[in-house]
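Peer 1: could you look at this predicted model? Sequence included:
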Amino acid sequence: MKAAIWHGPGEMTVGDVPEPDCPADGILLEVTACGICGTDVRTFFNGDRRIEPGAVLGHEICGRVLEVGGAVDGDVDADVGDLVHVISTLYCGRCRLCRDGNEHLCQRGGLMGFDYQGAYAERVAIPAVALKNVFRIPAGLDDIHATFADPLSDAICGHKDLDIGLEDRVVVIGAGPVGTAHVALALAQGADVVHLLETSPARLELARSVLGDADVRYVDTTGIDPVEYVRGETGDGAERVIVACSNARAQEQAMEMAAPRGRVLFFGGLPKGTTSIAFPSNVLHYREVAVLGSYASRHRDQVQALEMLRRNTHNIRGVVTDVVPLEDAPEAFERIRRGDALKVVVTPNSTGGERKP
């Protein structure tokens, strides 16, 4: 079958890979759509310790069920022919974290596209450990936009401890698809105003085309001090600051932007070689600022993400700006890095060329 094969940092070609078998205790999908995640972009250009050349990436998966393994006994809510979405973060369901409702932090799980073959391919095998993560796509939502349920559910999970209130001023750093999702979530929770900070004017305009101008301030921080900007706009800082980009300096600045008793969310890992930051601990001590981390999502977040996409809350489907066939997947990574696209979805089994969502 055809797949987009990663050969090393910045190198990918479309070629033939072995056809996957249906696991006896899993299912086999014909991939209809797979989104390109920010993690995939970072991996494409920098590599990842979990994969080697020859890997097939892609973990924002939608597909049609081709086969259900004979050992699957009521463990999956899908039948042959169903169109489904698969959340990529896998968990055991038995450890203390899973039993306490924090399955997204399970240390015995894995990740589709890294620990298992990804879905930039015509077909993908879904292992038994992932069957809990298989969702039928609800009526009124198509597979192209349903791919965004995976990263959107991560953003929803990130908001679990932010507790955004009606009068809160919110700053989001990074206007990529996930940053745009964080803005939409903050607005849905009643934030007073959201300042979206970004160094790419093209990305800001793409975010504006999704969110509109109501209650959002779009700020190109090229050549300005973002901390001074936030202080100038708010006086004492923002009640909530979300770092939605893989940038160490942005994480440092976020703490300085926060108002007394504010909360800062670090959303997204830092690239290899820059995993530590200069931590302004006096900000925490004297201003009682809380710094939070968030990774992946829980089952409840995934259900909410699909519903938010079904309703198209704050035009959230608009984050998908480009849909490309499998042969164009390698170039799409560079398109995302240039800021020419917000969210790109790959359609491995499409017979036509590139199209708009």
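Peer 2: Looks like it arrived, so ask away.
Peer 1: any idea which element residue 187 lies in?
Peer 2: helix 177-188 (DSSP states H and E).
Peer 1: so what's the closest residue to residue 347 other than its chain neighbours up against?
Peer 2: Among residues not flanking residue 347 along the chain, residue 33 sits closest, at 5.4 Å (CB to CB, 6 or more residues apart in numbering). All C-beta spots, glycine's among them, are computed from the backbone N, C-alpha and C. Neighbouring residues of residue 33 by CB atoms under 8 Å, 6 or more residues apart in numbering: 62-63, 143-144, 146-147, 323, 345-347.
Peer 1: and residue 164, by the same measure?
Peer 2: Here residue 164 is in contact with 170, 186, 189-191, 239-240 (CB under 8 Å, 6+ apart).
Peer 1: in contact with residue 168, which residues?
Peer 2: Applying CB under 8 Å, 6+ apart, the residues near residue 168 are 186, 191-192, 238-240.
Peer 1: that older thread, sec struct for the residue nearest to residue 347, please.
Peer 2: strand (DSSP: H, G, I helix; E, B strand; the rest coil).
Peer 1: beta partners for it?
Peer 2: Note on residue 33: beta-bridge partners by DSSP bridges are residue 62.
Peer 1: on that earlier part again, buried among the contacts of residue 164? Need that as a selection in PyMOL.
Peer 2: Buried residues within the contacts of residue 164, by 16 or more other CB atoms under 10 Å, are selected in PyMOL with:
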select buried, resi 170+186+189+191+239+240
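Peer 1: out of the contacts of residue 164, which sit inside strands?
Peer 2: If you go by DSSP state E, the contacts of residue 164 have 170, 239-240 in strands.
Peer 1: and the nearest residue to residue 198 once chain neighbours are set aside, how many neighbours?
Peer 2: Counting by CB to CB, 6+ apart, residue 175 is the residue found nearest to residue 198 once chain neighbours are left out, at 3.7 Å. By the measure other CB atoms under 10 Å, the count of residues near residue 175 is 32.
Peer 1: residue 175 against residue 202, yeah?
Peer 2: No - Residue 175 is beyond contact range of residue 202, at 9.3 Å (criterion: CB atoms under 8 Å).
Peer 1: report the contact partners of residue 191.
Peer 2: 164-166, 168-170, 215, 240.
Peer 1: make JSON lines from those residues and add pLDDT and distance to residue 156 to it.
Peer 2: Below are the contacts of residue 191 laid out as JSON lines (pLDDT from 0 to 100; distance: CB to CB, whole Å):
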{"residue": "164", "pLDDT": "96", "distance to residue 156": "12"}
{"residue": "165", "pLDDT": "91", "distance to residue 156": "17"}
{"residue": "166", "pLDDT": "91", "distance to residue 156": "19"}
{"residue": "168", "pLDDT": "95", "distance to residue 156": "17"}
{"residue": "169", "pLDDT": "97", "distance to residue 156": "21"}
{"residue": "170", "pLDDT": "98", "distance to residue 156": "15"}
{"residue": "215", "pLDDT": "92", "distance to residue 156": "19"}
{"residue": "240", "pLDDT": "98", "distance to residue 156": "15"}
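Peer 1: and which of those is nearest residue 294?
Peer 2: residue 240 (12.9 Å; CB to CB).
Peer 1: which residue is the nearest non-sequential neighbour of the closest one?
Peer 2: Closest residue in space to residue 240, ignoring its immediate chain neighbours: residue 170 at 4.6 Å, by CB to CB, 6+ apart.
Peer 1: what ranges do the strands span in the stretch 51-200 of the chain?
Peer 2: For the stretch 51-200 of the chain, the strands defined by DSSP state E, counting those that start in this stretch occupy 60-68, 83-86, 89-90, 110-111, 123-126, 134-136, 169-173, 193-198.
Peer 1: again, but for the stretch 201-350 of the chain
Peer 2: 216-220, 238-243, 258-267, 290-294, 320-325, 343-347.
Peer 1: quick one: closest of those to residue 88.
Peer 2: strand 343-347 (14.7 Å).
Peer 1: who's in contact with the closest one?
Peer 2: Against strand 343-347 from outside (CB under 8 Å, 6+ apart): 4, 32-36, 58, 60, 120, 144, 147-148, 177, 319-326, 328-329, 332, 335-336, 357.
Peer 1: mind running it again at 7 Å?
Peer 2: 32-36, 120, 144, 147-148, 177, 319-326, 329, 332, 335-336, 357 (CB atoms under 7 Å, 6 or more residues apart in numbering).
Peer 1: likewise for stretch 306-326?
Peer 2: 2, 4, 14, 85, 120, 135, 138, 140-141, 144-146, 148-149, 152, 177, 180-181, 184, 187-188, 206, 209-211, 332, 341-348, 350, 353-357.
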